[in-house]
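> quick one: sequence plus predicted model below, questions after.
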Amino acid sequence: MGRYVLKRLLILIPTLIAVTIIVFTLMNFVPGDPVMIALGSGTHTPAEVEAKRIAMGLDRPFLVRLGEYLKGVFFHFDFGTSLIDGTSIQYQLVTRFPNTLKIAIYSIIFTVVIGIPLGVFCAQHANSVGDRIALIMTLVLDSMPSFWLALLLMLLFALQLHWLPSTGSGSFKYFILPTLANSLGGLAGFTRQVRASMLEVTRSDFVTTARSKGISERKVVYGHALPNALIPILTLVGMRFGGMLGGATVIEVIFSIPGIGQLLVNGINNRDSTVVTGGIVFIALTFSLIMLLTDLAYALVDPRIKAQYATQKKKSGEEEKRHHGGHHHGKRAEEA
Amino acid sequence: MKTRKLLAMLLALMLTIGCLSLSAVAETSYQAESVVIAADDDSFNVAPWSNSQGEVSMYLQNIIWTHLATRPYTGAMIGAGMELAAAKEITKVDDTTWHIVLNDITDSKGNKITANDVKFSFDKNYELGYYAYVNNYYDTIEVISDNELNFKTKTGDEGGFESAVINTAICSQAWYESASEDEVLNDPATTGAYYVTNVQNGHSVTLQAREDYWKTEELSTTEKQNVKTIQILCMSEDDARSIALENGEVDYAQVSYIAYDRIFRNDPNYEIYQIPKFMNAILIFNCDPSSVAADPNVRKAVSYALDIDQVFLLGQGNDSYQLHHDICPDVTPDYVKAWNDEDYYTRDLAKSAEYLEAAGYKAGELTLRFIVRAQAPQQPYVVMQQQLAEAGINMEIVAYDRAVFNTYYADNTAWDFAESGSEVTDFTANFWSRMFSEEVYGEKGSENNIHDEKLQELLKAAVATRSEADMDAFHQYYTYEQCYAVGMYNEVNYFVARKGITDIALGTDNATLQAMTFTSDYSPVPLQK
């Protein structure tokens, strides 16, 4: 297992470096002069523009700047400073990330808590009226654009019922509407995935065997079928969670939650290339880490992966033994 | 002994009552306990100088930082409407030198502000290069003593000193250089009338009136403390701001025209304030010889074919705008009111046809490229296209993403006419100068590639004297004789406040939330945590 983790960590490094190089290069060549953006509106003399270019280090060759950027990101976690307000992007990311993380965690919990039981129910009652109703309901939610759903929720729960605040990011109650708007749409896909996975597993031999042993249906479903059906779902959860950490952009903007998504939108709107580069690299980093954790969790719960590494370990142990044994034999032979 | 005890108790009682009454006076000196504002913004910076030009940063500049002087309205000048803040006296020594005596200033952390700090603030602002006016006009500061200095400008242009002064926040050098980034961005040593109590990056900033504010008399608009606590929330979504206002989560917000029209317009629980946007729209012609618009007859044919009123009304679907009779709107002291009575370019298809013929084109033969930003609402341009088609002129709309728009706009062969926009800061003459002066544009001649000696002579005279005669001479020449550019409109912003807020005190050059006024029965919404 340790080798598996190490292997995955080693793959992560070149992936992140490649992402950083690609994003930095692309942002370097998109139209728009960062110096003019940094100088802001108004008339600037060529001398002022040149002085600013030198001050920003943009007079140096591209490769030198790329090298320094890579060094800053990977050795000091330094993503540079914003062209617009001069603040460090690290500060922006660190202060905004908790909000994005909260939305992602709440949303994934909501999706799992609602989606798994619903998916199991649909699988147990496949093609029944309940299954069809659940399918239609989730598809309706899925087909609603999240910005529209967000505004509807805001109008209903904030403006009409006065149960929840419409915007903000203070306590838990501020995150209820954003969580709903962020997760309701994706619930359909998740529920259908759980349903399909459960149907597949319930048709397996081991489930038939369990049933033939006279085990209660409840135990068969929740004790035998569900744990096996959840293995492919785990990857889905990991990918969704990783994606959410990239910022639920629309949700953050509508509910005025300062998160990573909102930062990126600002950066794009303002042509703040350093913010966009830093934001994307940070998202790539968090996404890669979440996918690593997902794969580790997958390895933990999937006996096949465990068995695969256990077999490899065993084989290597035997080889080592043989090697050592051979060595000893050789020694003995020499001694003789 | 008993008498002494009684006297002591009496004295203590009197002192207690005195203290209580004093604190009561202090509390009631604010017109309102708090106000919560939803701003159309999604990021801000409380640091003294930043490139951030959003609504929140604009408010913060005047609430938490002091400036040598402030401008309560467009065109106010030193000695003619400008209010002194950090400066106690400002005297003009010569065209480029100003002698300044400072007030006795301390920041919110107790640091004394001296002339050296003022010099540091201007030098730092210049070095950062965020404000074009500061870099264009500020030259140097010569420190005379702790509270006296000589301020030198690069040129003797009227309004230059004022523009540099209102755009430079003053702070303590010792504090700024020793503070960590976290302190600068969350807990700055403010020199203005308020200090920062809470910052949630990208979400909100809460400000509290300074009880130790260094000035108590002759307060400028930006130094008022009408409200004890100001909380500004970032809400970049129009609908979110309207809902928050309706839901009683904020006291005041800028709303869209649709929200104003459908929700707030006729609701007696709200006060509506209509304020023109800073940027005004101008129809500008490319006068480079490579463009068909180099011919004044073509420019006039186009101008007479358009009905700007209808362009906005049909294009935007609402009447939230003010039409112009010059490229500069009627907000400056040197604007000649008589221009508003001129016909300007009222739509006249017969005249348009005459000019088109004079230019040598028959109906349908002339095509002009209209360059626009792809992000701008395109409907008004489609209306223009239809109006020009009725006059036999083809208009090709060429939309570029704003990232590359300036590149094409700077290319004198890439367009024939365009919608330009500019901000009015002080005078109409200065506004014209920033658009047409060859001193600003060098070989390019002007923003729209004009090489016209008479235009430059008239412009110099208008800028030098700002007399009605010189102003009118330039206006008549560039508008009617040459038709180099035509003023279009300023869109209007709608600010809605809950009942009880009687004045929102917003102007072009100063956004002074601290000078809002309130009725005695005003009850604020709770501050957001």
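Thanks, I have it. What you are looking at is a predicted structure, and each value in this text was computed from that prediction instead of being measured.
> surely A:Leu12 meets A:Ile290?
No - between A:Leu12 and A:Ile290 there is no contact under C-beta atoms under 8 Å: 11.3 Å. (C-beta placed from N, C-alpha, C; glycine too.)
> between those two, which one's more packed in?
Shown here are A:Leu12 and A:Ile290; by other C-beta atoms under 10 Å in any protein chain shown, A:Ile290 has more neighbours (21 against 15).
> that one and B:Ser57, how far apart?
For A:Ile290, the distance to B:Ser57 equals 34 Å [C-beta to C-beta, to the nearest Å].
> what's the single longest strand in chain B?
Ordering each strand of chain B by length in residues (DSSP state E) puts strand B:485-498 first.
> direction included, what does it pair against?
Paired with strand B:485-498 in the same sheet, following DSSP bridges, are strand B:252-255 (antiparallel), strand B:270-276 (antiparallel), strand B:279-285 (antiparallel), strand B:321-323 (antiparallel).
> report the buried residues of the third one.
Spelled out, that is strand B:279-285. Buried residues in strand B:279-285, counting neighbours by 16 or more other C-beta atoms under 10 Å in any protein chain shown, are found at B:Asn280, B:Ala281, B:Ile282, B:Leu283, B:Ile284, B:Phe285.
> least confident pick among those?
Among the buried residues of strand B:279-285, B:Asn280 has the lowest pLDDT, at 79.
> these two touch, right, it and B:Ser422?
Yes - the pair formed by B:Asn280 and B:Ser422 meets the contact definition of C-beta under 8 Å, at 6.7 Å.
> give me the common contacts of the two.
Common contact partners of B:Asn280 and B:Ser422 (C-beta atoms under 8 Å, 6 or more residues apart in numbering or on different chains): B:Ile327.
> list of residues touching the helix or strand A:Ala210 falls within?
A:Ala210 belongs to helix A:205-212 when assigned by DSSP states H and E. The contact list for helix A:205-212, computed with C-beta under 8 Å, 6+ apart, reads A:Val201, A:Glu217, A:Lys219, A:Val220, A:His224, A:Ala225.
> show me what counts as buried in it.
Within helix A:205-212, the residues that qualify as buried are A:Val207, A:Ala210, counting by 16+ other C-beta under 10 Å.
> how about stretch B:109-127?
Quick answer for stretch B:109-127 (16+ other C-beta under 10 Å): B:111, B:113-115, B:117-122, B:124-126.
> tell me the contacts of A:Val35?
Taking C-beta under 8 Å, 6+ apart, we find A:Val35 in contact with A:Val49, A:Lys52, A:Arg53, A:Met56, A:Leu58.
> A:Ile116 too?
A:Val194, A:Leu226, A:Leu230, A:Ile233.
> what's the helix or strand harbouring the third one packed up against?
If I follow you right, that is A:Leu230. Following DSSP H and E, one finds A:Leu230 within helix A:226-245. With contacts taken as 3 or more C-beta pairs under 8 Å, 6 or more residues apart in numbering or on different chains; DSSP states H and E, helix A:226-245 sits against helix A:89-124, helix A:173-202, helix A:273-301.
> is any residue of the helix or strand following that helix near chain B?
Downstream of helix A:226-245, the first helix or strand assigned by DSSP H and E is helix A:249-254. Yes - using C-beta under 8 Å from any C-beta of the partner chain, helix A:249-254 comes into contact with chain B via A:Val253, A:Ile254.
> what residues does the stretch 151-300 of chain A have near chain B?
A:151, A:154-155, A:158-159, A:162, A:165-171, A:253-259, A:262-263, A:265-266, A:271.
> can you do 10 Å?
Taking C-beta under 10 Å from any C-beta of the partner chain as the test, the list of the stretch 151-300 of chain A residues beside chain B reads A:151, A:154-155, A:158-160, A:162, A:164-171, A:174, A:250, A:252-259, A:262-263, A:265-272, A:275.
> so where's the stretch 201-336 of chain A shaky on pLDDT?
A:247, A:303-336 (pLDDT under 70).
> find the closest residue to chain B in the stretch 201-336 of chain A.
A:Pro258 (2.8 Å; C-beta to the nearest C-beta).
> pLDDT score for the spatially closest residue to that residue that is not a sequence neighbour?
Nearest non-adjacent residue to A:Pro258, counting by C-beta to C-beta, 6 or more residues apart in numbering or on different chains: B:Gly202, 2.8 Å away. At B:Gly202, the model reports a pLDDT of 86.
> separation between the residue in the stretch 101-250 of chain A that chain B sits nearest to and B:Gln231?
Here the stretch 101-250 of chain A gets closest to chain B at one residue, A:Gly170, 4.1 Å apart by C-beta to the nearest C-beta. Using C-beta to C-beta, A:Gly170 is found at 12 Å from B:Gln231.
> rewinding a little: who touches the residue nearest to A:Pro258 in this structure?
A:92, A:95-96, A:99, A:169, A:252, A:256-259, A:262-263, A:266, B:41-44, B:56, B:234, B:236 (C-beta atoms under 10 Å, 6 or more residues apart in numbering or on different chains).
> contacting residues for B:Leu323?
B:Ile308, B:Asp309, B:Phe312, B:Pro329, B:Asn340, B:Tyr344, B:Gly487, B:Met488, B:Tyr489, B:Asn490.
> between the residues you listed, which is closest to B:Lys351?
Of all the contacts of B:Leu323, B:Lys351 sits closest to B:Tyr344, with 12.7 Å by C-beta to C-beta.
> just checking, A:Met198 touches A:Pro227?
No - between A:Met198 and A:Pro227 there is no contact under C-beta atoms under 10 Å: 11.0 Å.
> nearest residue to B:Val404 in space, please, no chain neighbours.
Closest residue to B:Val404 apart from its sequence neighbours, by C-beta to C-beta, 6+ apart: A:Pro31 at 4.2 Å.
> count of neighbours near the one you found?
For A:Pro31, the neighbour count with other C-beta under 10 Å is 13.
> B:Thr191 now?
B:Thr191 has 29 nearby residues by other C-beta under 10 Å.
> just B:Ile327 next, same as before
26.
> same question for B:Lys529.
B:Lys529: 13 neighbours (other C-beta under 10 Å).
> that one contacts A:Tyr174, correct?
Yes - with contacts counted by C-beta under 10 Å, B:Lys529 reaches A:Tyr174, the gap being 8.9 Å.
> what's the overlap in contacts for the two?
A:Pro165, A:Gly168.
> follow-up on the earlier one: could you tell me the least trusted of the strands paired with strand B:485-498?
Among those, strand B:321-323 scores lowest, at a mean of 74.
> buried ones in the next helix or strand after it?
Using DSSP H and E, the helix or strand that follows strand B:321-323 in sequence is helix B:349-358. For helix B:349-358, the neighbour count (16+ other C-beta under 10 Å) marks B:Lys351, B:Ser352, B:Ala353, B:Tyr355, B:Leu356 as buried.
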